[in-house]
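Novice: okay, sequence plus prediction incoming.
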There are 2 protein chains.
Amino acid sequence: MQKEYVVGVDLGGTKILTAVADLEGNILARVRKDTEAKKGKEVVIQKIKDTVYEAVQEVGIELSQVKGIGLGVPGPVDIKKGIIKHTPNLDLDNINIVEELRELDTPIFLENDANAAALGEKWFGAGKEAENMVYMTVSTGIGGGIIINKEIFHGAGDAAGEIGHMTILPDSKLQCGCGNYGCWEAIASGTALSKLGKEAVESGKDTLMSDLVADSTKVNGAVVAKAAEQGDKVAKEIMDKIAGYLGIGMANLINIFNPDTIVIGGGVSQSWGLIEDKVNSTIQARAMDSLVEDVDVVIAELGSDVGVLGAVATALAELDLF
Amino acid sequence: MQKEYVVGVDLGGTKILTAVADLEGNILARVRKDTEAKKGKEVVIQKIKDTVYEAVQEVGIELSQVKGIGLGVPGPVDIKKGIIKHTPNLDLDNINIVEELRELDTPIFLENDANAAALGEKWFGAGKEAENMVYMTVSTGIGGGIIINKEIFHGAGDAAGEIGHMTILPDSKLQCGCGNYGCWEAIASGTALSKLGKEAVESGKDTLMSDLVADSTKVNGAVVAKAAEQGDKVAKEIMDKIAGYLGIGMANLINIFNPDTIVIGGGVSQSWGLIEDKVNSTIQARAMDSLVEDVDVVIAELGSDVGVLGAVATALAELDLF
């Protein structure tokens, strides 16, 4: 019998990363192309196909040996119908991507990218022992994927896990991209971090951040983190504030889900050492003791491979190969 | 073949309500006894047994025809081990209740009362069509039960669903029974409602509530609701405030779970008409549009039978009889 494989496609706003993996999830080849979303959906769809053809060719196998293709996309999806509902930076709204990729003649499993990442960390990364896990990714926004009994929990409309839009500061003046005020994402993400950093520099506070950038518009989360690392008091206060809000949201997730594992991904995981104590003390104060004991909070392990390994995991999960 | 039955036991701080039901969940007999918790655990355990014997006798069947007994208890449980971890008003902490009831010679299925109630509403009440449902009960506290793919989601330590302890007003001075500040339960439960009512009366505000009670200590949630119903402005403002907080927590649950159904139980459901508009407008403002479209918010249907029918449902669910 011929050996069998799966393919994972990580479709992003700027690049498409496609990999062929064996049924244990070992990546055997990877192909990367710029998405060039501005050239329109036909170009993007053709590029997805091309990455699959090229990756398969690189391994020296036939496409018929690929049992399924996991496809992670940024934004909400209709998994059963195979429709991408909306993507912020791609011209693929309401496209039936499974139909569009029919020529590949292989089962396509569509998944939201945060859910795919959660599956990736669960099977290949920091959550290998997890049964009930919350994956949270904190970068410019806060996204999430919920794993229950080792499977993604999709909810009624494939949209479960919008943890970044939980309101935790209802009276906040900070408006979220979703229109609401005081969303977790609006007050605890990298965007909130850089906003607070900018404000500190602009208000003329005595802070290292001013020396690290040419002007206040250049202040981002990494700059705040760097200044805090170097002992800057203003930057440390900002990190502390964000850490407190991160802890509140995590305490809420612990109280609601009683998870065995929370996996932290995204840019924030690179500065975790700076905020870990405050996050943990906030969780201790706000989540119920026995539930705090039940949970391990761990940092994501897959780095920039999380998308493509998540897409591989999506295919393996849908094919019941775990 | 002899006909088969299940038993449900609703163990409460003040009463034990036990019912025999057929495998369709129709109640054939019910026996109610005062818990008399102060007389000690042996008395309570004996009373549980007695209610089972008496209910079975009332139907005129043998105990051997009972396939399982569902037992709903207030407080956290260890389902696999059969241990009641803690009960606020009963002397049963750390009791292995399944062992203690061994003489009944029937499988005992232990469940937390809010989870049992969720199962009851799902199978016999307002959630019959639900696959992914959040049951919330708002009385002196806020409890919850989460149903995923028609089953209770228990989490890592059988403690999932502590939705009342999600922090939604972190800077609040209102301390929750759990020690945290700004828990949903502390600011949106019947306790919060009566607290605000008392404060209004004590501060000498011009409100009907003062006429409805002999003194401010007598103000409770029902008094505030009654005054609001009669058009009292102060009481209406209080109801509005609570409704807003209820809506925030519900919006969070919608964003996190993308449920098809939320079932509202507990005392608040009796005053739902007074707060419904404000709850709904808050959900609209704070939950994501497509997720709001996916969910039906409905009032619980089982009334004071929810505990015992929940215990019956627990037995039927554990026996795979649904």
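Specialist: It's in.
Novice: what segments of chain A are strands?
Specialist: A:5-11, A:15-22, A:27-34, A:66-73, A:77-78, A:83-84, A:95-96, A:108-112, A:133-138, A:142-148, A:151-152, A:261-265, A:296-299 (DSSP state E).
Novice: let me know the angle separating the second one from strand A:5-11.
Specialist: Yep, that's strand A:15-22 we're talking about. Going by axes from the mean of the first three to the mean of the last three C-alpha atoms, to 10 degrees, strand A:15-22 is angled at 170 degrees with respect to strand A:5-11.
Novice: helices and strands around strand A:15-22, which ones?
Specialist: strand A:5-11, strand A:27-34, helix A:41-59, helix A:306-318 (3 or more C-beta pairs under 8 Å, 6 or more residues apart in numbering or on different chains; DSSP states H and E). C-beta: built from backbone N, CA, C; applies to glycine.
Novice: with only the CA atoms kept, save the third one in PDB.
Specialist: What that stands for is helix A:41-59. C-alpha atoms of helix A:41-59 as PDB (Å, rounded to 0.1, in the frame of the first residue of the first chain):
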ATOM      1  CA  LYS A  41      -9.300  36.200  -5.300                       C
ATOM      2  CA  GLU A  42      -8.500  34.200  -8.400                       C
ATOM      3  CA  VAL A  43      -4.800  34.900  -7.900                       C
ATOM      4  CA  VAL A  44      -5.000  33.900  -4.200                       C
ATOM      5  CA  ILE A  45      -7.000  30.700  -5.000                       C
ATOM      6  CA  GLN A  46      -4.500  29.700  -7.700                       C
ATOM      7  CA  LYS A  47      -1.600  30.300  -5.400                       C
ATOM      8  CA  ILE A  48      -3.200  28.000  -2.800                       C
ATOM      9  CA  LYS A  49      -3.400  25.300  -5.400                       C
ATOM     10  CA  ASP A  50       0.100  25.900  -6.600                       C
ATOM     11  CA  THR A  51       1.600  25.600  -3.100                       C
ATOM     12  CA  VAL A  52      -0.200  22.300  -2.700                       C
ATOM     13  CA  TYR A  53       1.100  21.000  -6.100                       C
ATOM     14  CA  GLU A  54       4.600  22.200  -5.400                       C
ATOM     15  CA  ALA A  55       4.800  20.800  -1.800                       C
ATOM     16  CA  VAL A  56       3.500  17.400  -3.000                       C
ATOM     17  CA  GLN A  57       6.000  17.400  -5.800                       C
ATOM     18  CA  GLU A  58       8.800  18.300  -3.400                       C
ATOM     19  CA  VAL A  59       8.100  15.200  -1.300                       C
END
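Novice: so how far is that helix from its chain's centroid?
Specialist: Between the centre of helix A:41-59 and the centre of its chain there are 23 Å (C-alpha atoms, centre = their mean, to the nearest Å).
Novice: quick check: angle from it to strand A:5-11?
Specialist: 140 degrees.
Novice: what residues of helix A:41-59 count as buried?
Specialist: A:41, A:44-45, A:47-48, A:51-52, A:54-56, A:59 (16 or more other C-beta atoms under 10 Å in any protein chain shown).
Novice: out of those, who's nearest chain B?
Specialist: Lowest distance from chain B to these (C-beta to the nearest C-beta) belongs to A:Lys41, with 21.5 Å.
Novice: quick one, what contacts the closest one?
Specialist: A:90-92, A:95 (C-beta atoms under 8 Å, 6 or more residues apart in numbering or on different chains).
Novice: from these, which land in helices?
Specialist: Per DSSP state H, helices hold no members of the contacts of A:Lys41.
Novice: quick check, stretch A:311-322 touching chain B?
Specialist: No - using C-beta under 8 Å from any C-beta of the partner chain, stretch A:311-322 stays clear of chain B, coming no nearer than 15.4 Å.
Novice: now do A:Ile83, the pLDDT please.
Specialist: What the model reports as pLDDT for A:Ile83 is 97.
Novice: A:Val201 now?
Specialist: Model confidence at A:Val201 (pLDDT) stands at 96.
Novice: break chain A down into its structural domains.
Specialist: With domains defined by automatic domain parsing, chain A comprises A:5-121+A:305-318, A:130-300.
Novice: picking that back up, could you export the strands of chain A as JSON lines, including mean neighbour count and distance to B:Glu151?
Specialist: As requested, the strands of chain A are exported to JSON lines (neighbours: other C-beta atoms under 10 Å in any protein chain shown; distance: least, C-beta to C-beta, whole Å):
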{"stretch": "strand A:5-11", "mean neighbour count": "29", "distance to B:Glu151": "29"}
{"stretch": "strand A:15-22", "mean neighbour count": "23", "distance to B:Glu151": "32"}
{"stretch": "strand A:27-34", "mean neighbour count": "16", "distance to B:Glu151": "35"}
{"stretch": "strand A:66-73", "mean neighbour count": "26", "distance to B:Glu151": "26"}
{"stretch": "strand A:77-78", "mean neighbour count": "20", "distance to B:Glu151": "24"}
{"stretch": "strand A:83-84", "mean neighbour count": "22", "distance to B:Glu151": "28"}
{"stretch": "strand A:95-96", "mean neighbour count": "16", "distance to B:Glu151": "32"}
{"stretch": "strand A:108-112", "mean neighbour count": "25", "distance to B:Glu151": "23"}
{"stretch": "strand A:133-138", "mean neighbour count": "29", "distance to B:Glu151": "18"}
{"stretch": "strand A:142-148", "mean neighbour count": "27", "distance to B:Glu151": "10"}
{"stretch": "strand A:151-152", "mean neighbour count": "20", "distance to B:Glu151": "13"}
{"stretch": "strand A:261-265", "mean neighbour count": "25", "distance to B:Glu151": "21"}
{"stretch": "strand A:296-299", "mean neighbour count": "18", "distance to B:Glu151": "24"}
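Novice: the closest residue to A:Val306 other than its chain neighbours: neighbour count?
Specialist: Closest residue to A:Val306 apart from its sequence neighbours, by C-beta to C-beta, 6 or more residues apart in numbering or on different chains: A:Ala117 at 4.7 Å. A:Ala117: 32 surrounding residues under other C-beta atoms under 10 Å in any protein chain shown.
Novice: just the buried residues from the contacts of A:Lys41, in PyMOL please.
Specialist: Applying 16+ other C-beta under 10 Å to the contacts of A:Lys41, the buried members can be selected in PyMOL as follows:
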select buried, chain A and resi 90+92+95
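Novice: returning to that earlier point: pLDDT-wise, what's the bottom of the buried residues of helix A:41-59?
Specialist: Ranking these by pLDDT puts A:Lys41 at the bottom, with 94.
Novice: how far does stretch A:271-287 sit from the chain's center?
Specialist: The answer for stretch A:271-287 is 21 Å, by C-alpha atoms, centre = their mean.
Novice: also stretch A:132-139?
Specialist: Relative to its chain's centre, stretch A:132-139 lies at 7 Å (C-alpha atoms, centre = their mean).
Novice: give me the mean pLDDT for that stretch.
Specialist: Stretch A:132-139 shows a mean pLDDT of 97.
Novice: of the strands of chain A, which approaches B:Ala156 most closely?
Specialist: For the strands of chain A, the distance to B:Ala156 is smallest for strand A:261-265, at 8.4 Å, taking C-beta to C-beta.
Novice: now do A:Gly82 against A:Arg102, distance only.
Specialist: Noted for A:Gly82: a distance of 10 Å to A:Arg102, by C-beta to C-beta, to the nearest Å.
Novice: that should have said A:Leu246, apologies.
Specialist: 43 Å.
Novice: which one of these two has more residues nearby?
Specialist: Set A:Leu246 next to A:Arg102 and count neighbours by other C-beta under 10 Å: A:Leu246 wins out with 24 against 11.
Novice: wait, which of the strands of chain A is closest to B:Ala225?
Specialist: strand A:142-148 (35.8 Å).
Novice: what's the residue of the stretch 201-322 of chain A found nearest chain B in contact with, if anything?
Specialist: Ranking the residues of the stretch 201-322 of chain A by distance to chain B (C-beta to the nearest C-beta) places A:Asn258 first, at 2.7 Å. Contact partners of A:Asn258, counting by C-beta under 8 Å, 6+ apart, are A:132, A:291, A:294-295, B:154-162.
Novice: include distance to A:Tyr5 and neighbour count when you put those residues into a markdown table, please.
Specialist: Converted to a markdown table, those look like this (distance: C-beta to C-beta, whole Å; neighbours: other C-beta atoms under 10 Å in any protein chain shown):
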| residue | distance to A:Tyr5 | neighbour count |
| --- | --- | --- |
| A:Asn132 | 30 | 23 |
| A:Leu291 | 40 | 25 |
| A:Asp294 | 37 | 21 |
| A:Val295 | 35 | 24 |
| B:His154 | 36 | 22 |
| B:Gly155 | 35 | 24 |
| B:Ala156 | 34 | 21 |
| B:Gly157 | 39 | 20 |
| B:Asp158 | 40 | 23 |
| B:Ala159 | 41 | 21 |
| B:Ala160 | 37 | 27 |
| B:Gly161 | 41 | 26 |
| B:Glu162 | 43 | 27 |
